[in-house]
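A.B. asks: Show me how the following folds:
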Amino acid sequence: MNLVFIILSLLTFIAMGSDTNWFVLWNITPIVFIAIVCNKTDFKGVLGSSIFHMVLGTVLLHIYFHTVMYFDISEAATGSSTSALGYIFFPIYSVCFGGLIYLLSKTIKWAWVKVKT
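C.D. replies: Coordinates of the predicted model:
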């Protein structure tokens, strides 16, 4: 799993112009956070794990955002003078999105157990 995080970090580095600056490090922060969470978690029943759902959601949002910005889909990167603000706030949104998915997964699992009993 660590290889996936390294590859994703390298792709982010390449997508952001292969220039080492604070924005690249800031945008890789969610991947570092998820890698730490994955290394500290013992996955038993991986697909039913709320941590797995959080990791999957955060990584997919990360891939989606950088794909849209790199390929300039719907002029996301060039259509506005403030589009660069996405790179500033994206890591915060990504981690919050992962946290919301984690809470939603826990709530669904709790409700499922209540309905079954």
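
A.B. asks: rest of the way, CA atoms for contacts and neighbours
C.D. replies: Fine.

A.B. asks: So, low pLDDT: which residues of this structure?
C.D. replies: 1-2, 16, 18-20, 42-48 (pLDDT under 70).

A.B. asks: any chance you could map the helices in it?
C.D. replies: 2-15, 22-40, 50-70, 85-116 (DSSP state H).

A.B. asks: from the ones you listed, which stretch is densest packed?
C.D. replies: Greatest average neighbour count among those goes to helix 50-70 (a mean of 19), per mean count of other C-alpha atoms under 10 Å.

A.B. asks: which other helices and strands contact that helix?
C.D. replies: The contact analysis (3 or more C-alpha pairs under 8 Å, 6 or more residues apart in numbering; DSSP states H and E) places helix 50-70 against helix 2-15, helix 22-40, helix 85-116.

A.B. asks: residues touching the spatially most central residue of the chain, list them.
C.D. replies: By C-alpha atoms, centre = their mean, the mean C-alpha position of the chain lies nearest to T58, the distance being 2.5 Å. Residues in contact with T58, defined by C-alpha atoms under 8 Å, 6 or more residues apart in numbering, are 30, 34, 94-95, 97-98.

A.B. asks: ditto for I31
C.D. replies: Here I31 is in contact with 5, 8-9, 59 (C-alpha under 8 Å, 6+ apart).

A.B. asks: from these, which two are the most distant?
C.D. replies: Largest separation among the contacts of I31 by C-alpha to C-alpha: S9 and V59, giving 10.6 Å.

A.B. asks: What residue, apart from its backbone neighbours, is nearest I101 spatially?
C.D. replies: Counting by C-alpha to C-alpha, 6 or more residues apart in numbering, M54 is the residue found nearest to I101 once chain neighbours are left out, at 5.5 Å.
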